[in-house]
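Novice: build the 3D model from these lines:
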Amino acid sequence: MPSDDSVRPSATSAHRALLRLEVGRLRARESRRVFDSSVHVGVLAGPRTGFVVRAQDRPVVDAALRTDVLSALLEDCPPEWATVWVERSGDPEPYDADLAWWAAARTAFGMHARTLDGCYVVTRSGWRDVVSGEVRQWARLRL
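Specialist: Here you go, the predicted model:
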């Protein structure tokens with residue numbers, strides 16, 4: 001498993017711009033205030049693969065299942081896809097589930113001997129870097 005040094009410490013300005021685009025994409029796609037969460041592996045504002053966690057399935061999604069999901073996503077994706085993000089409803093404030101997905105991402109990337117470039121939470125109102133805690137929010141996002 002990669003050491004903590006292999007996880008980027010905070011969002012770069014390029015990542016911030018791409019995360020802003022991800023927030024815009026989510027707003028354009030999802031108008032409901034409450035919707036099913038999803039986890040993605042890929043390139044921010046670019047190609048990705050993902051998994052939707054239905055609300056009724058949330059009680060059975062434990063650490064092992066989260067790791068299995070991310071490991072399965074990593075098996076078929078190119079090595080340059082090194083970012084994980086969770087799209088969910090609510091504000092980008094810290095949730096326990098966000099940290100659980102980050103832990104699963106670190107484990108899955110370690111199992112595949114890959115470096116994790118970052119782990120983020122994207123909501124309709126903004127984004128948060130799970131690793132550093134950096135947050136950006138907008139009342140009216142203009143792209």
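Novice: low pLDDT regions in the protein?
Specialist: Within the chain, the segments meeting pLDDT under 70 span 1-10, 143.
Novice: centroid residue for it?
Specialist: residue 85 (1.0 Å; Cα atoms, centre = their mean).
Novice: other SSEs contacting the strand or helix carrying that residue?
Specialist: Element membership for residue 85, per DSSP states H and E: strand 83-87. When contacts are defined as 3 or more Cβ pairs under 8 Å, 6 or more residues apart in numbering; DSSP states H and E, strand 83-87 sits against helix 13-29, strand 37-42, helix 96-111, strand 118-123. Just so you know, the C-beta spots here come from the backbone N, C-alpha and C atoms, and that holds for glycine as well.
Novice: in CSV, list those along with mean neighbour count.
Specialist: Formatted as CSV, the helices and strands packed on strand 83-87 follow (neighbours: other Cβ atoms under 10 Å):
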stretch, mean neighbour count
helix 13-29, 16
strand 37-42, 22
helix 96-111, 19
strand 118-123, 24
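Novice: Serialize these to JSON lines and add fields for distance to residue 129.
Specialist: Below are the helices and strands packed on strand 83-87 laid out as JSON lines (distance: least, Cβ to Cβ, whole Å):
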{"stretch": "helix 13-29", "distance to residue 129": "8"}
{"stretch": "strand 37-42", "distance to residue 129": "15"}
{"stretch": "helix 96-111", "distance to residue 129": "10"}
{"stretch": "strand 118-123", "distance to residue 129": "6"}
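Novice: for residue 136, find the nearest of these.
Specialist: helix 13-29 (6.7 Å; Cβ to Cβ).
Novice: alright, calling it a day.
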